[in-house]
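Colleague: after the sequence you'll find the predicted model.
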Amino acid sequence: MIKLKKFISAAVLGLMMFSLTSCGTKKVDVGIVLPTKDEPRWVQDETRFKEALKDTNHSVEILFSQGSSAKEKENVDALIAKGIKVLIICPHDGSAAAAAAEAAKKEGIKVISYDRLITNTDAVDYYVTFDSVAVGEAQARYLVEQAQGKGNPLYLYAGAASDNNAFLFFEGAWNVLQPKIADGTFVIKNSSEAVALQGKAKLTRDEMSRIIGQVTTNWDFNEAKNKAEAHLTAASKEDKGNVYILAPNDGTARAIADAFAADKDVTSYKITGQDAEKASIQYIIDGKQSMTVFKDVRTLVKDAIGMAKDILDGKEPKTTGSYNNGKIDVKAKQTEVIVVTKDNVKQALIDSGYYNASDFTGIK
Ligand code: BGC
């Protein structure tokens with residue numbers, strides 16, 4: 001009996017050692033690198049990737065960069081060492097990630113930029129994305145539709161300048177807001193650079209940089225909240241009342257909304273968002289956030305995996321257009337977005353099977 005036990009534990013140990021060593025040298029076909037676990041948006045992408053990959057016979061590994069370009073490069077190097085053939089990467093910083101993409105390209109690995117474009121390099125093969133200009137346009141259109149009369153106070157916020165998308169979102173928003181600033185419907189309250197440029201229908205990247213430099217949230221909730229509080233402190237009572245807020249995404253929208261809600265001189269606020277994060281859907285149901293732009297991550301994931309599979313099978317992935325990344329035109333596949341407000345939240349997110357009604361309270 002004792003002998004048998006010994007034999008079994010030796011066998012189990014051997015098996016464990018075998019699986020450990022085989023793990024260590026295990027080959028990976030596709031590497032996926034996402035920017036951070038600190039934002040629900042990217043945890044959501046991980047979940048959707050895992051769901052979509054359940055039945056695949058390719059080996060896939062997902063790593064997070066935790067908001068650091070250095071960590072991102074380490075992740076890519078680790079995946080290269082595991083023999084990946086395709087890299088799907090959402091860069092923390094679009095231009096800093098060029099080095100990681102170039103390292104991959106040198107090994108013959110195909111690089112798919114995921115959601116955010118890697119800029120200023122020829123080492124990106126494909127780009128899967130949502131229509132980011134349309135996101136900004138939808139946010140701005142919502143604010144325009146809600147505004148009545150003239151002189152409505154407008155507060156602008158933007159994403160991180162290191163993220164190419166922040167420019168696309170802002171460009172889209174400016175397309176729709178600028179005529180309504182020019183005709184006096186809105187009055188910008190928190191950016192002298194935006195005020196200086198308010199007569200211009202189309203802004204250059206440098207001009208956008210100047211505005212984004214003033215109103216960036218860096219995609220950081222705390223920074224968003226601190227900035228909103230500072231703007232409210234600087235603003236007079238007349239600059240408040242019924243206010244309109246362009247918030248670039250859901251995480252920053254909740255932070256900014258909380259700051260505006262706490263100011264007694266703010267009578268009402270309308271605020272935008274994007275991502276349809278669960279916490280923001282609850283905010284929308286509760287009337288604390290006005291809208292979000294739903295980007296169905298299932299589609300983006302499906303497109304990215306579809307491209308990776310095509311590459312592994314030696315086929316040319318299908319694309320629908322291209323994006324210039326400052327150096328080359330990157331072949332791209334683009335997905336549409338959907339505006340979600342209290343009125344269509346159930347139909348857009350519950351009936352479509354994206355979330356469960358039980359994830360929320362008070363959904364009708
Ligand atoms: C993504 C957004 C996200 C933001 C902050 C952008 O590049 O497109 O969905 O909210 O980054 O992470």
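Modeller: On my side now, so go ahead. Numbers count the residues shown, from 1 in each chain.

Colleague: which of the helices and strands in this structure ranks last by mean pLDDT?
Modeller: Every helix and strand in the chain was compared by mean pLDDT, DSSP states H and E; the lowest is helix 2-24, with a mean of 47.

Colleague: packing partners for the next helix-or-strand element following that helix?
Modeller: For helix 2-24, the succeeding helix or strand toward the C-terminus, using DSSP states H and E, is strand 30-34. Judged by 3 or more Cβ pairs under 8 Å, 6 or more residues apart in numbering; DSSP states H and E, the packing partners of strand 30-34 are helix 40-53, strand 60-64, helix 69-81, strand 86-89, helix 297-312. All C-beta atoms are positioned from the backbone trio N, CA, C, and that covers glycine.

Colleague: okay, the angle between strand 30-34 and strand 60-64?
Modeller: 20 degrees (axes from the mean of the first three to the mean of the last three Cα atoms, to 10 degrees).

Colleague: quick one: strand 30-34 near the ligand?
Modeller: No. Using Cβ under 6 Å from any ligand atom, strand 30-34 never reaches the ligand; the gap is at least 9.9 Å.

Colleague: strands paired with that strand, and their directions?
Modeller: In the sheet, strand 30-34 lines up against strand 60-64 (parallel), strand 86-89 (parallel) (DSSP bridges).

Colleague: out of these, deepest packed?
Modeller: Highest mean neighbour count of the strands paired with strand 30-34: strand 86-89, a mean of 28 (counted as mean count of other Cβ atoms under 10 Å).

Colleague: report the mean confidence score over the helix or strand following that strand.
Modeller: Next along the chain after strand 86-89, taking DSSP H and E as the criterion, comes helix 98-106. Mean pLDDT, helix 98-106: 98.

Colleague: elements contacting helix 98-106?
Modeller: helix 69-81, strand 86-89, strand 110-114.

Colleague: can I get those in CSV including distance to the ligand and mean pLDDT?
Modeller: Converted to CSV, those look like this (distance: least, Cβ to the nearest ligand atom, whole Å; pLDDT from 0 to 100):
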stretch, distance to the ligand, mean pLDDT
helix 69-81, 14, 98
strand 86-89, 13, 98
strand 110-114, 10, 98
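
Colleague: which of the ones you listed is buried the deepest?
Modeller: Of the helices and strands packed on helix 98-106, strand 86-89 is the most buried (mean count of other Cβ under 10 Å), at a mean of 28.

Colleague: tell me which of the helices and strands packed on strand 30-34 sits nearest to His231.
Modeller: Comparison of the helices and strands packed on strand 30-34 against His231 by Cβ to Cβ identifies helix 40-53 as nearest, at 24.4 Å.

Colleague: show me which residues of that closest one are buried.
Modeller: Buried residues in helix 40-53, counting neighbours by 16 or more other Cβ atoms under 10 Å, are found at Arg41, Trp42, Gln44, Asp45, Glu46, Arg48, Phe49, Ala52, Leu53.

Colleague: what angle sits between it and strand 30-34?
Modeller: 160 degrees.

Colleague: how about helix 40-53 as PDB, C-alpha atoms only?
Modeller: Taking Å, rounded to 0.1, in the frame of the first residue of the first chain, the C-alpha atoms of helix 40-53 are listed here in PDB:
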ATOM      1  CA  PRO A  40     -13.300  47.800 -17.600                       C
ATOM      2  CA  ARG A  41     -13.200  48.400 -21.400                       C
ATOM      3  CA  TRP A  42     -10.100  46.200 -21.800                       C
ATOM      4  CA  VAL A  43     -11.100  43.500 -19.300                       C
ATOM      5  CA  GLN A  44     -14.300  43.300 -21.400                       C
ATOM      6  CA  ASP A  45     -12.100  42.700 -24.500                       C
ATOM      7  CA  GLU A  46     -10.200  39.900 -22.800                       C
ATOM      8  CA  THR A  47     -13.500  38.200 -21.800                       C
ATOM      9  CA  ARG A  48     -14.800  38.500 -25.400                       C
ATOM     10  CA  PHE A  49     -11.500  37.100 -26.800                       C
ATOM     11  CA  LYS A  50     -11.700  34.200 -24.400                       C
ATOM     12  CA  GLU A  51     -15.300  33.500 -25.400                       C
ATOM     13  CA  ALA A  52     -14.500  33.700 -29.100                       C
ATOM     14  CA  LEU A  53     -11.400  31.400 -28.700                       C
END
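
Colleague: list the contacts of that helix.
Modeller: Helix 40-53 has contacts (Cβ atoms under 8 Å, 6 or more residues apart in numbering) with 32, 34-37, 60, 62, 64, 90, 115, 249-251, 275, 277-279, 297-298, 300-302, 305.

Colleague: now swap in stretch 100-112 and tell me
Modeller: Residues from elsewhere that reach stretch 100-112 (Cβ under 8 Å, 6+ apart): 33, 72-73, 76-77, 80, 84-89, 91, 113, 118, 121, 123-128, 304, 307-308, 311.

Colleague: quick one: it to chain centroid distance?
Modeller: How far stretch 100-112 lies from its chain's middle: 23 Å, per Cα atoms, centre = their mean, to the nearest Å.

Colleague: got the residues of this structure near the ligand?
Modeller: Counting by Cβ under 6 Å from any ligand atom, the chain comes close to the ligand at Glu39, Arg41, Asp115, Arg116, Gly159, Asp163, Asn165, Trp219, Asn249, Gln274, Asp275.

Colleague: scan those residues and report the most crowded one.
Modeller: Taking other Cβ atoms under 10 Å as the neighbour criterion, Gln274 ranks highest of the residues of the chain next to the ligand with 31 neighbours.

Colleague: can you spell out the domain ranges of the chain, please?
Modeller: 30-129+297-335, 132-296+340-359 (the TED database).

Colleague: state the pLDDT value of the residue of the stretch 51-200 of the chain found nearest the ligand.
Modeller: Of all residues in the stretch 51-200 of the chain, Asn165 sits closest to the ligand, at 3.7 Å by Cβ to the nearest ligand atom. The model reports Asn165 with a pLDDT of 98.
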